[in-house]
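Novice: when you get a sec, could you give me coordinates for this:
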Amino acid sequence: MLFRLRLIPLTCLLLTLTAAQADERIVSVATLTDYPPLIFNKPDTKRVVEERIPPGQDSSSLQGFSWDILRESYHSQGYTIQIHVVPWTRAFEMARSDSVEILFPTGYNEERTEYFHYSVNPINEARFIIYTLPDKTLEWDGLASLHNLTIGAMRGWNYGAEWEQATGFYKYGLSDILQGFQMLDAGRIDGLAGYETNFDYALSEAGLPNPYTKHPSFGETFEYATASKSHPTGRDMLMVFDLGVEHLKASGRLSEIRQHWFPTLVSESD
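Specialist: Numbers count the residues shown, from 1 in each chain. Now for the predicted structure:
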């Protein structure tokens with residue numbers, strides 16, 4: 001009898017935990033890291049590949065402007081985030097194969113609209129520019145100025161339709177922003193195609209000088225949360241994200257996040 005009396009509370013506890021787990025709302029998300037200041041690793045932390053982050057908690061390793069927006073948007077709607085942090089090309093394929101519901105931050109282009117739904121609200125903006133060494137003579141006339149040059153660019157990143165269609169120069173694939181600057185310094189590439197905010201931030205955080213010539217922008221894009229059109233719940237999870245962003249706007253929290261990451265920029269109305 002004593003055994004039964006002890007067993008009953010344990011059984012009730014297990015049933016309670018099972019019910020709580022069943023009620024937990026979870027969104028699966030794939031993203032990259034090494035994309036400062038939008039999403040990148042906290043200093044002196046172990047890189048995490050997969051992590052579950054309930055409302056009110058933060059990642060043990062991730063930080064950044066775009067991460068804060070996505071995390072707080074879903075958390076405001078009561079969702080736990082199951083995050084997968086992998087190289088961008090793999091994250092992209094995870095979303096396309098319906099292995100996860102949400103991919104972010106995803107630049108907009110026409111080709112991707114064939115297989116991705118986009119959130120209504122953008123997460124951030126990317127401005128495309130070419131960096132060259134200060135002693136490099138380059139009369140800028142758009143991408144046509146790069147004729148016969150070797151230009152480093154991040155693999156899998158969106159640089160816009162003009163870049164995709166441009167010919168007459170060699171596009172050298174890179175996997176790391178600082179690697180690109182190192183190759184530029186060493187003369188192994190003639191120029192570096194980058195997202196201005198991210199690349200400047202990467203240099204600053206690494207304590208490196210930024211003597212490079214930055215040529216006029218050849219395009220820009222907003223980046224969004226996206227979901228595969230074939231995923232059964234992807235579009236619903238985008239709607240949840242947009243509801244969360246509207247909550248952040250109404251509460252003033254979106255402005256606070258922007259001020260935290262970009263304190264020197266003039267605040268724009270949300």
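Novice: all helices of the stretch 151-270 of the chain, in order?
Specialist: Ranges of helices in the stretch 151-270 of the chain, per DSSP state H, counting those that start in this stretch, are 160-165, 177-185, 196-205, 234-251, 253-261.
Novice: count of neighbours near residue 161?
Specialist: Neighbour count for residue 161, taken as other C-beta atoms under 10 Å: 13. All C-beta spots, glycine's among them, are computed from the backbone N, C-alpha and C.
Novice: quick check: closest non-adjacent residue to it.
Specialist: Excluding its sequence neighbours, the residue lying closest to residue 161 (C-beta to C-beta, 6 or more residues apart in numbering) is residue 109, at 6.3 Å.
Novice: pull the distance from stretch 217-234 to the chain's centre.
Specialist: 11 Å (C-alpha atoms, centre = their mean, to the nearest Å).
Novice: between the two ends of it, how far is it?
Specialist: In stretch 217-234, first residue to last residue: 33 Å (C-alpha to C-alpha, to the nearest Å).
Novice: so which bits of that stretch are buried?
Specialist: For stretch 217-234, burial by neighbour count (16 or more other C-beta atoms under 10 Å) applies to 218-219, 221, 223-228, 231, 234.
Novice: the residue nearest to residue 176 when sequence neighbours are not counted and residue 234, how far apart?
Specialist: Nearest residue to residue 176 in three dimensions, chain neighbours excluded: residue 34, at 6.3 Å (C-beta to C-beta, 6+ apart). Distance, residue 34 to residue 234, using C-beta to C-beta, to the nearest Å: 25 Å.
Novice: apart from its neighbours in sequence, what residue is nearest residue 144?
Specialist: residue 168 (7.1 Å).
Novice: tell me the contacts of the one you found?
Specialist: Residue 168 makes contacts with 144, 146-148, as judged by C-beta atoms under 8 Å, 6 or more residues apart in numbering.
Novice: hmm, back to that, okay, and which of the buried residues of stretch 217-234 map to strands?
Specialist: If you go by DSSP state E, those have 219, 221, 223-228 in strands.
Novice: surely residue 30 touches residue 87?
Specialist: No. Here residue 30 does not reach residue 87: they are 10.4 Å apart, not a contact under C-beta atoms under 8 Å.
Novice: who's more crowded, these two?
Specialist: The neighbour comparison of residue 30 against residue 87 (other C-beta under 10 Å) goes to residue 30, with 22 against 14.
Novice: backbone dihedrals for residue 129, please?
Specialist: phi -140, psi 160 (degrees, to the nearest 10).
Novice: and the one 3 residues further on, by the same measure?
Specialist: With angles defined as degrees, to the nearest 10, residue 132 sits at phi -130, psi 160.
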